[in-house]
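Engineer: Could you look at this predicted model? Sequence included:
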Amino acid sequence: MANKRPKGISVYLIMLASLMLIAMFMFSMNNSSVSIQYPQVLRLFDEHRVSRYSLDFTNGEMELAVKIKPSEMQSMLGQNAAGLTVGNSNEQALAGGLFGMFGSGGTNNPQRPGGSAPDAEQEMTLSYRLPSITLFLEHVDPVQYEKEYNELNPDNPLVWNWTPPKGESLFTLLLPTLLIIGVMMVFYWLMMRQAGGGGKMMSFSKAKVKSPDDSRKVTFDDVAGADEEKAELVEIVEFLKNPSKFNMLGARIPKGVLLMGPPGTGKTLLARAVAGEAGVPFFSISGSDFVEMFVGVGASRVRDLFDNAKKNAPSIVFIDEIDAVGRHRGAGLGGGHDEREQTLNQLLVEMDGFGANSGVIIIAATNRRDILDPALLRPGRFDRQIVVGYPDVKGREEILRVHTRGKPIGPDVDLRTIAKTTVGFTGADLENLVNEAALMAARSSRKAITMEDIEMATIKVVAGPEKRSHVVSEKDKRLTAFHEAGHAVTTYYCETQKKVHEVSIIPRGMAGGYTMSLPEEDTSYNTKHEMEEEIVTLLAGRMAEKLVLDDISTGASNDIERATKIARAMVTRYGFSERLGPIVYGQDEEEVFLGMDINHTRNYSETVAAEIDEEIRAIIDTAYDKAEEILTEHRDQLDRVANFLFEYEKVDAEGFEKLMKGDESVYGEYEQKLKEREEQERRRKKEQEEQARQREQRRREEEELRRQRESMNGAPGNAYVEYPPKPEPPRDPKSPPPADEMYPPVRKEMPKENPSQDESVKPEPPVDEKRDDGTDNK
């Protein structure tokens, strides 16, 4: 069950709300509504206008009863009088809200004795919080003020009240601190909650183990084309299920299995099959999951992974792409700490170190065995090293049967033929091939996959999709036609080369055209003669341009690059040069691994380098002359193939054979194919137009219904809106008519209430009778 993680934004929302609460609390402690300032309070006392006041020594709150005329409010209170009104205390209220210079205050209960003149002195009650009680007592002497006020107002003596100070509660003093501590604890709890699962914010030391998906369970029946490799893993699964069979002979279970081979050959699929068949806990992790931004995390994750595996022993640990963490130590440049080396050291110790590690089997996969550390490959860590290579023709046929399982296949599809023409395809390539064929069949509205779909998908996978919409000039089209014809004609006359499968001048991928040759059988080695003739076919395109057009172009750049690479390998790697002998010169031309090959230099002198260049040039010149000889001798066939390509753009293997033999029937066949293709293109465009018309019609109907609904919603009462009838789709004239037209409905008569009564005799209406009391009796 997936772990539910809290949204990251919730943390910030909680923090923001807490800060707002703290700010509101602090503001409420230091602020209240303000309308007068401290100098105005002193002025009221100096002019003896305060007739009653109370002072709370706890918080400095003061309530004043002052006598003031409405005309004097502006001069006495200044700007704060703008929000004050004088009237009945039960009807009026004082408004305002200004910060004071020394504190804050407010107004409350303005009073005006009933019947007084509008400008007569009226009593007003004000509230004010003193910033400092000591400062106030220095400015105003309460005893002196009382004496002076009573002398001026003998009939209305001063009334005052002082409230002694009260000690503040401990809770009130500690509340802000408690709020801050609470916010910090909530934030810490959320962080720890997020750190509770693997792959979350702070779970760096936890291994990111992936459990196999039960809904996509893979078994050994789903693995084809790798019988020997599968047998090695089946033995391990059998050991886990029935260990007594092996223990009685003293055999021990292999500690590790390394699956190595080119990409797409099925290494991960074999591991998934082991997970589906083993019946024991299966821990899957990628090599890159051990690499993290913090030092020591990789080693910690290795320990966590093996701790979990040991707790659930017997178990299987699968490390995909182990080269990300198991590469050769000491390969890094610079003096910094290499985190990968520390992770690899921990992995070596866990696999076969001083501690016990019984019951845990390690399965790893990589396509770069050459860069793995030797200590990782020794027996005791990886006891078995299984090479998962390219499938042979039998394996490709089995793989095709697995991937076509559950798909509708046409009767013309021959999987054996497809397996023969897909030499060098991996399992992943074949899966992609079948999927592309299914997509093409669906695009053509077919109910099953045909052989034509598979052949088109094969070419698409190898060369890329066609670019028929690409505009090609007549000059480029003619040049490409002779270029590809040169490749095809020389391939036809070179005995060691594969048969031509298709020639096209339609752009595909990065190429303006292609000549595809598919092998008929699997080969493990290449001879010197085969490689020389391959160079001939590569250079024939440039030679055809030179012979026919008396000019050359940049279209042969890739051919020249491939030919030069083959010639250099013949001289420096395979020892095909009589002059230099069977010696390997220079380092391997494969991908350079940082730190292992970067400081190595060539292991031959300048004189030998010059001889190597001379030998390469001699091979290239010989092949170039051979291509010129073939094309000059068979110039008529070259022109025939090129002109056919210029007109029809493509020719298959059968048509190419007829062209080389001078059979003119190929033109009629391709005319028919061209007409069929144009007809299919017209039908396809017609279907697209019809689909577009139907979409537009549906859109208009929906728009009309929407307008009618809007008008109905605005109509008075229960307005009835009649929707237009939906048009019936056109009926195929070959299809049988509907049942209601073939068999019209029989009209049924309603049963009569009185069958004996004749319908022609109508009952007379009842006669109104007069009752004796004069009323009608109906």
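Structural biologist: Sure thing, it's come through.
Engineer: my guess is residue 428 contacts residue 261, does it?
Structural biologist: No: here residue 428 does not reach residue 261: they are 11.8 Å apart, not a contact under Cβ atoms under 8 Å. The C-beta positions use only the backbone N, C-alpha and C, and glycine is treated the same way.
Engineer: who has more neighbours, those two?
Structural biologist: residue 261 (20 against 14; other Cβ atoms under 10 Å).
Engineer: From residue 442, how far off is that one?
Structural biologist: 33 Å (Cβ to Cβ, to the nearest Å).
Engineer: what about residue 511, how many residues close to it?
Structural biologist: So residue 511, with other Cβ under 10 Å, has 17 neighbours.
Engineer: got it, and residue 303?
Structural biologist: If we define neighbours as other Cβ under 10 Å, then residue 303 has 16 of them.
Engineer: ditto for residue 362
Structural biologist: 25.
Engineer: same deal with residue 161?
Structural biologist: So residue 161, with other Cβ under 10 Å, has 10 neighbours.
Engineer: so how far is residue 65 from it?
Structural biologist: For residue 161, the distance to residue 65 equals 11 Å [Cβ to Cβ].
Engineer: Who's the closest spatial neighbour of residue 462, skipping the chain neighbours?
Structural biologist: The shortest distance from residue 462 to any non-neighbouring residue, by Cβ to Cβ, 6 or more residues apart in numbering, is to residue 516 (6.7 Å).
Engineer: coming back round to it: between residue 161 and residue 65, which contacts overlap?
Structural biologist: When contacts are counted by Cβ atoms under 8 Å, 6 or more residues apart in numbering, residue 161 and residue 65 have residue 53 as shared neighbours.
Engineer: Which parts of the stretch 101-250 of the chain are helices?
Structural biologist: Secondary structure of the stretch 101-250 of the chain (DSSP state H, counting those that start in this stretch): helices at 133-139, 142-152, 170-194, 227-241, 244-247.
Engineer: Show me the one of those helices that comes nearest residue 540.
Structural biologist: helix 227-241 (40.4 Å; Cβ to Cβ).
Engineer: What residues sit buried inside the closest one?
Structural biologist: 229-230, 233, 236-237, 239-240 (16 or more other Cβ atoms under 10 Å).
Engineer: would you turn the residues you listed into TSV with distance to residue 622 and pLDDT?
Structural biologist: Below are the buried residues of helix 227-241 laid out as TSV (distance: Cβ to Cβ, whole Å; pLDDT from 0 to 100):
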residue	distance to residue 622	pLDDT
229	43	87
230	47	87
233	49	88
236	53	86
237	56	86
239	58	84
240	60	82
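Engineer: picking that back up, can you check which of the helices of the stretch 101-250 of the chain gets nearest to residue 343?
Structural biologist: That would be helix 170-194 among those, by Cβ to Cβ, at 24.7 Å.
Engineer: Just flag the most distant two among the buried residues of helix 227-241.
Structural biologist: Pairwise over the buried residues of helix 227-241, using Cβ to Cβ, the maximum falls at 229 and 240, 18.0 Å.
Engineer: mind listing what residue 437 touches?
Structural biologist: 449, 453-454, 456-457.
Engineer: ok, residue 648 - how many residues close by?
Structural biologist: 17.
Engineer: wait, residue 317
Structural biologist: Around residue 317 there are 23 residues (other Cβ under 10 Å).
Engineer: Identify the residues contacting it.
Structural biologist: 283, 285, 305-306, 309, 360-363.
Engineer: Apart from its neighbours in sequence, what residue is nearest it?
Structural biologist: In this structure, residue 317 finds its nearest non-sequential neighbour in residue 283, 4.8 Å apart by Cβ to Cβ, 6+ apart.
Engineer: pretty sure the one you found is touching residue 311, no?
Structural biologist: No: in this structure residue 283 lies outside contact range of residue 311 using Cβ under 8 Å: 10.9 Å.
Engineer: quick one: which of these two has more around it?
Structural biologist: Legend: neighbour count by other Cβ under 10 Å for residue 283 and residue 311, higher for residue 283 (22 against 9).
Engineer: in a strand, that's where that one is, yeah?
Structural biologist: Yes: counting by DSSP: H, G, I helix; E, B strand; the rest coil, one finds residue 283 located in a strand.
Engineer: pLDDT wise, what is it at?
Structural biologist: Here the pLDDT value assigned to residue 283 is 86.
Engineer: helix, strand or coil for residue 257?
Structural biologist: strand.
Engineer: For it, which residues are in contact?
Structural biologist: Per Cβ under 8 Å, 6+ apart, neighbours of residue 257: 232-233, 236, 361-364, 382-386.
Engineer: same check, this time on residue 518
Structural biologist: If you count contacts by Cβ under 8 Å, 6+ apart, then residue 518 has 421-423, 498-499, 501 around it.
Engineer: Tell me the spacing between it and residue 418.
Structural biologist: 11 Å.
Engineer: Could you list the residues in contact with stretch 575-588?
Structural biologist: 528, 531, 570-573, 597, 600, 602-604, 608, 611-612, 615.
Engineer: picking up where we left off before, so which of the contacts of residue 317 wins on neighbours?
Structural biologist: Highest neighbour count within those: residue 363, with 27 neighbours (other Cβ under 10 Å).
Engineer: Pairing partners for the helix or strand containing that one, with directions?
Structural biologist: Using DSSP states H and E, residue 363 sits in strand 360-366. Strand 360-366 pairs in its sheet with strand 256-260 (parallel), strand 315-320 (parallel), by DSSP bridges.
Engineer: what's the average pLDDT for the first one?
Structural biologist: If I follow you right, that is strand 256-260. 91.
Engineer: between that strand and helix 227-241, how many degrees?
Structural biologist: On the basis of axes from the mean of the first three to the mean of the last three Cα atoms, to 10 degrees, strand 256-260 is oriented at 160 degrees to helix 227-241.
Engineer: Begin at 40 from now on, thanks
Structural biologist: OK, 40 is where the count begins now, so the last one is strand 295-299.
Engineer: could you point out which element follows strand 295-299?
Structural biologist: Next along from strand 295-299, by DSSP H and E: helix 306-317.
Engineer: Now do that next one: which elements does it pack against?
Structural biologist: helix 266-280, strand 295-299, strand 321-325, strand 354-359, strand 399-405 (3 or more Cβ pairs under 8 Å, 6 or more residues apart in numbering; DSSP states H and E).
Engineer: Next, the angle from it to strand 354-359.
Structural biologist: 170 degrees.
Engineer: Using PDB, write out every CA atom in helix 306-317.
Structural biologist: The C-alpha trace of helix 306-317 is given here as PDB (Å, rounded to 0.1, in the frame of the first residue of the first chain):
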ATOM      1  CA  LYS A 306      18.800  -9.200 -18.400                       C
ATOM      2  CA  THR A 307      16.200  -7.400 -16.400                       C
ATOM      3  CA  LEU A 308      13.500  -9.600 -17.800                       C
ATOM      4  CA  LEU A 309      15.400 -12.700 -16.400                       C
ATOM      5  CA  ALA A 310      15.600 -11.100 -13.000                       C
ATOM      6  CA  ARG A 311      11.900 -10.300 -13.000                       C
ATOM      7  CA  ALA A 312      11.200 -13.900 -14.000                       C
ATOM      8  CA  VAL A 313      13.300 -15.100 -11.000                       C
ATOM      9  CA  ALA A 314      11.200 -12.700  -8.800                       C
ATOM     10  CA  GLY A 315       8.000 -14.300 -10.100                       C
ATOM     11  CA  GLU A 316       9.200 -17.900  -9.700                       C
ATOM     12  CA  ALA A 317      11.300 -17.800  -6.500                       C
END
